Structures are given as structure tokens and as C-alpha cells.
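>>> Sequence first, then the predicted structure:
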Amino acid sequence: MRRHAAALAAGALLAVAVLAAGCAIPTQQSPSTIAPSHVPFGLLSPEPPSTTTTQPRQSSLVEVQVFFLSPDQQLMPENRVVYPPAPLKSIISALLYGPTVHEADNHITTAIPNDVTVLSAASNGLVITVDFIASFGQITGSSTEQAVSQVVATVAAQDGYGAGVDFEIDGQRISVPIASGAQVPGPVYLLQFLGATR
């Protein structure tokens, strides 16, 4: 009886060993070529497989107002979108891009040449210092007053109508004209331009 049980156990072990050997991963000494017909579908495609990984969701754009000049040369707000958290430098940059084609077709203009860029826009309480490159200082005539009013109105739309603006060129404070024609060192305020932009 014990011999019979031992024989059964040995047979079972032999069967398990054979089964395990059949499930083992075969190995070989060198790589070999697989016929295309045996390659799983899609692995021969030159295009990389598409992934299903979820990309992080981008934050929504923020709508802001920038100010151009209407056909009668008055300040006119237009909407733009910038990436959050909508720093003031990005908002002023949106102003400097100028009117869209559609806006230009409706005779909306800007007094700021398209070669002007903003270097920084820093807040110190209710006074914002905006630093431009030298080409801002090359604006002449009544266009200077209009350009200044566009910047001041755009800043006020973000920081409130009590916000004042100091103007700099390459880090140096400059005086700018207001609607009365006076040159002031700043800060300048939107109330100094409302209804008087020529």
C-alpha cells in the first residue's frame, strides 16, 4: 500500500515537472528572425502606437481687456486672452500685438508701433512701473499721448481706476504727456485721459 502511494506521488511529481517545462520561456544563444506572419498585429507599423495616458489638463485662458483707439481716436476696449495667472506684463504684451485683422477692418488702431516690447511691469501698491524698450521713446507728436493713454487704460482695467503708472525706458524713468499736454514724471492716471484723447 505504501509502495503504491509512493508510486502515485512520484508520478504526480513527474507530471508537474513536465508541465512546468512546457510553460518555461525558451532560450537560445543568438537572436533569430521571425517571419512577418508571426509578428503580432501592429508591431510592424512604422507609426508609434498611440498611448492612453492622460495628459494634465491645461488651465483655462483668462480674458482681459486692452485698449486701442476707435475711429474717432477715443480709447476703446477690446478683449484678449492670456495664460493664467495673467501677469500684467503678458497683458501689456497683448496690447502691443496691436489690433486684429477684424478690428483693423473696423478702423480700430493703435498709437504704439509694433516694434515696441515691454521689459517688465512691476507693482508697488497702487503704482505700476512699466518698462519699455527704447522704441517706445521714439513715438512722437500726439501719438505719444495716445500711446501713454492706451497703456494707462489697460493697466487700470486690471488693477483698478485708482492705479497710477510710472513709465520707464530701459530702466530709466521718463516723463510722459497727459491729455492737457503737460509732461509729467508720473505716476499718471486714467482720469487724466478720459474723454480727452485726441
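Here it is on my side, so go on.
>>> Which pLDDT does the model give residue 164?
Listed pLDDT for residue 164 reads 96.
>>> who touches the residue lying closest to it once chain neighbours are set aside in this structure?
Computed as Cβ to Cβ, 6 or more residues apart in numbering, the closest residue to residue 164 that is not its neighbour in sequence is residue 187, at 2.8 Å. Heads up, the C-betas are built off the backbone N, CA and C, glycines and all. Neighbouring residues of residue 187 by Cβ atoms under 8 Å, 6 or more residues apart in numbering: 127, 164-166.
>>> neighbour-wise, which of those residues leads?
Neighbour counts for those (other Cβ atoms under 10 Å) peak at residue 165, which has 23 neighbours.
>>> thinking again about what came up before, ok, of the contacts of residue 187, which one's closest to residue 73?
Nearest to residue 73 out of these is residue 165 (Cβ to Cβ; 20.3 Å).
>>> who's in contact with that closest one?
So residue 165 contacts 127-130, 151-152, 155, 186-189 (Cβ under 8 Å, 6+ apart).
>>> quick one: contacts for the closest residue in space to residue 190 that isn't next to it in sequence?
Nearest non-adjacent residue to residue 190, counting by Cβ to Cβ, 6+ apart: residue 156, 4.3 Å away. By Cβ under 8 Å, 6+ apart, residue 156 lies in contact with 163, 189-190.
>>> How about residue 86?
Residue 86 sits next to 62, 64, 158 when contact means Cβ under 8 Å, 6+ apart.
>>> how close does the closest residue in space to the first one that isn't next to it in sequence sit to residue 97?
Pointing back at residue 62 there. Of all residues not flanking residue 62 in the chain, residue 86 sits nearest, at 4.3 Å (Cβ to Cβ, 6+ apart). To residue 97, residue 86 is 15 Å away according to Cβ to Cβ, to the nearest Å.
>>> Sounds good, over and out.
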